[in-house]
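>>> below is the sequence, then the predicted model.
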Amino acid sequence: MTYINLLKEMAIADFKIRYKRSMLGFLWSFLKPLSMMLVLYFVFGVLLNIGTDNYVLYLLLGIIIWNFFVETTIVSMDSIMSKKNIIQKVPFPKEIIVLSAAMNALAVLLSNIAIFLVFLIAFNVLPGHKSLLFIPTIIPLLIFSIGAAYFLTALYVKFRDIYHIWNVVIQLGFWATPIIYTLQEIPGKYLGIYLMNPLATIINSSRELIINNAYPEMTYIIIATAISIAAYYIGKKVYEKQSQYFAEEL
Amino acid sequence: MIETKNLAKEFKIRHEKKTTIFEKMNPFTRKERIETLKAIQNLNIQINKGECIGIIGRNGSGKTTLLKMISKILVPTKGKIKTRGNITSIIELGVGFQDDLTAKENTYLYGAIMGMTREAINKKMKEIMGFSELERFMDTKISSFSSGMRVRLSYSIAIQTDFDILILDEIFAVGDKNFQEKCIRKLEELKKQGKTIVLTSHNHDLIKKYTDKTLVLDKGKKIWYGETLKAIKKYEEIIK
């Protein structure tokens, strides 16, 4: 009970600090994926002319989901440093730091999805009833991102270059994940590798559900969920072990 | 109730500490010289419910380390600590505050870290504002607060929590005379309510007046644990 309460208060505080209590500040969080989408659309959709139908929508949805993952991990790492003082002086469950970062990223994700729905309608794609299944699709996304954030944050306290290494991995990951292209375009021999990345499946399934009003491949989802749970379990274990020493190592 | 058994805490002080993977793997960086600092050594004490215990010792004698272990901020290297009851610890005042938030918003956050819900804080808001004498500034950003104001606010919040054991580290060294007296009156009140209190202080008059027993630490070792007057004598022998 106090755990949930602390998560709520910390998430609210983090949110206010981040967006300096301005609505415009929060809107900026949509301008980031939007500007990214416009640049990528110009390069791939217009100059190279390789986009599929509704390429703008594919891109935007992919970027929004990818950004959730990036935000959760990066903000968790930033947060552990900015909360150094509290960690060293007040006892509280350290998981809250990562969970609060995830809650903030979730608020951004959901609001971005809401704006995305406006885009859908503007592009004359009316979301069907299957798009409601997007909501359970978020669950493996959450689990995977939080697991990765636990793992990275625990290591970051010990090794400070993890932050830079992770930024490089994120850049590579952006191209290695079907964001500017689709999972359907991947040749069969590489598909197995792609399916190891839960984000590939989550982005693919979300596109199928919301944009195409179609059911995604169920086996893919099962694989992605299993990997997400494994990632969460490992991340949580490492974090639990390491967080005992945060007060000394920070 | 607090009980320690063969409690020990060691800190590894790494000179030329390697904080990156690159440094760890690079054979050309200098080797770390590791020095072990024994902050607490083989400590056995028992603090009973309702007792008010003082801890004295020179700087670096392990007072704060012990309090941090009791509060579960630090984990012991060896030995065990058994505690019964909710613990509220005030290791350093005003640390949980975020500069960009107002005093009121910080009250909710700090209170939550201390284990209080928003409703509980709202109920006690009047008392918190009254005790800290900051009523007029509750909607002001903490960044414009003086250190004295921060201390007053954080202490006022912390003592509103529902605790059985209160841990205070050097808190009487801060705040003006008026506020210090207020804190002491509150301390007496808490003592009467049967709360267990553990405090460190360099103010020996205060220790003499309020504690039932005192622990003297030197270089992490227990020199004396018992009657306060004797404890102060022992301490004076050490510093000679």
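Ah, there it is.

>>> buried set for the longest strand along chain B?
Looking across chain B with DSSP state E, the single longest strand is strand B:2-15. Within strand B:2-15, the residues scored as buried using 16 or more other CB atoms under 10 Å in any protein chain shown are B:2, B:4, B:7, B:8, B:9. C-betas here are computed from N, CA, C, even on glycine.

>>> who touches that strand?
A:248, B:32-47, B:62, B:65-66, B:69-70, B:74, B:76-84, B:165, B:196, B:198, B:220 (CB atoms under 8 Å, 6 or more residues apart in numbering or on different chains).

>>> ranges for the strands of chain B?
Taking DSSP E, the strands of chain B run over residues B:2-15, B:33-43, B:46-47, B:52-57, B:78-83, B:87-90, B:165-169, B:196-200, B:213-218, B:221-227.

>>> got CSV for the ones you listed, with distance to residue B:21 and mean pLDDT too?
Putting the strands of chain B into CSV (distance: least, CB to CB, whole Å; pLDDT from 0 to 100) gives the following:
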stretch, distance to residue B:21, mean pLDDT
strand B:2-15, 15, 88
strand B:33-43, 18, 88
strand B:46-47, 43, 93
strand B:52-57, 39, 93
strand B:78-83, 30, 93
strand B:87-90, 34, 88
strand B:165-169, 35, 91
strand B:196-200, 39, 93
strand B:213-218, 38, 93
strand B:221-227, 38, 91
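
>>> which stretch among those comes nearest residue A:131?
Of all these, strand B:87-90 sits nearest to residue A:131, with 48.3 Å by CB to CB.

>>> same for the closest one, what does it pack against?
Judged by 3 or more CB pairs under 8 Å, 6 or more residues apart in numbering or on different chains; DSSP states H and E, the packing partners of strand B:87-90 are helix B:63-70, helix B:147-158, strand B:165-169.

>>> give me the sheet partners of it and which way each runs.
Taking DSSP bridges as the criterion, strand B:87-90 sits next to strand B:165-169 (parallel) in its sheet.

>>> could you check the angle the partner strand makes with helix B:63-70?
Orientation of strand B:165-169 against helix B:63-70 (axes from the mean of the first three to the mean of the last three CA atoms, to 10 degrees) gives an angle of 150 degrees.

>>> now the angle between strand B:78-83 and strand B:165-169, please.
Using the same axes, to 10 degrees: strand B:165-169 against strand B:78-83 is 120 degrees.

>>> ok so, going back, centre of the chain to the longest strand of chain B, how far?
16 Å (CA atoms, centre = their mean, to the nearest Å).

>>> export that strand as PDB, just CAs?
Provided in PDB are the C-alpha atoms of strand B:2-15 (Å, rounded to 0.1, in the frame of the first residue of the first chain):
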ATOM      1  CA  ILE B   2      16.800  -3.200  18.100                       C
ATOM      2  CA  GLU B   3      19.400  -5.900  18.500                       C
ATOM      3  CA  THR B   4      22.800  -6.200  16.800                       C
ATOM      4  CA  LYS B   5      24.800  -9.400  16.700                       C
ATOM      5  CA  ASN B   6      28.500  -9.300  15.800                       C
ATOM      6  CA  LEU B   7      27.700  -6.400  13.500                       C
ATOM      7  CA  ALA B   8      30.400  -5.200  11.200                       C
ATOM      8  CA  LYS B   9      30.600  -2.800   8.300                       C
ATOM      9  CA  GLU B  10      33.600  -2.400   6.000                       C
ATOM     10  CA  PHE B  11      34.000   0.100   3.200                       C
ATOM     11  CA  LYS B  12      36.300  -0.600   0.400                       C
ATOM     12  CA  ILE B  13      38.000   2.700  -0.400                       C
ATOM     13  CA  ARG B  14      39.300   2.500  -3.900                       C
ATOM     14  CA  HIS B  15      42.000   4.900  -4.700                       C
END
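
>>> give the partner strands of it in its sheet and their orientations.
strand B:33-43 (antiparallel), strand B:46-47 (antiparallel), strand B:78-83 (antiparallel).

>>> which parts of chain A sit against chain B?
Applying CB under 8 Å from any CB of the partner chain, one finds that chain A approaches chain B through A:1-2, A:5-6, A:8-10, A:12-13, A:16-17, A:20, A:85-86, A:88-92, A:158-162, A:165, A:244-245, A:247-248.

>>> can I get the buried part of those as one PyMOL selection?
With 16+ other CB under 10 Å as the criterion, this PyMOL line picks the buried residues out of those:
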select buried, chain A and resi 5+6+8+9+10+12+13+16+17+86+88+89+90+91+92+158+159+160+162+165+247+248
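
>>> what's around residue A:19, how many residues?
For residue A:19, the count of nearby residues is 18 (other CB atoms under 10 Å in any protein chain shown).

>>> can you give me the angle the longest strand of chain B makes with strand B:52-57?
Note on geometry: by the same axes, to 10 degrees, strand B:2-15 and strand B:52-57 are set 30 degrees apart in direction.

>>> okay, the strands of chain B in a markdown table with distance to residue A:150 next?
What follows is those, written out as a markdown table (distance: least, CB to CB, whole Å):
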| stretch | distance to residue A:150 |
| --- | --- |
| strand B:2-15 | 24 |
| strand B:33-43 | 28 |
| strand B:46-47 | 35 |
| strand B:52-57 | 36 |
| strand B:78-83 | 27 |
| strand B:87-90 | 26 |
| strand B:165-169 | 29 |
| strand B:196-200 | 33 |
| strand B:213-218 | 36 |
| strand B:221-227 | 38 |
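
>>> dump the residue contacts of the residue lying closest to residue A:17 once chain neighbours are set aside.
Nearest residue to residue A:17 in three dimensions, chain neighbours excluded: residue B:100, at 4.8 Å (CB to CB, 6 or more residues apart in numbering or on different chains). Residues in contact with residue B:100 (CB under 8 Å, 6+ apart) are A:16, A:17, A:20, B:141, B:142, B:143.
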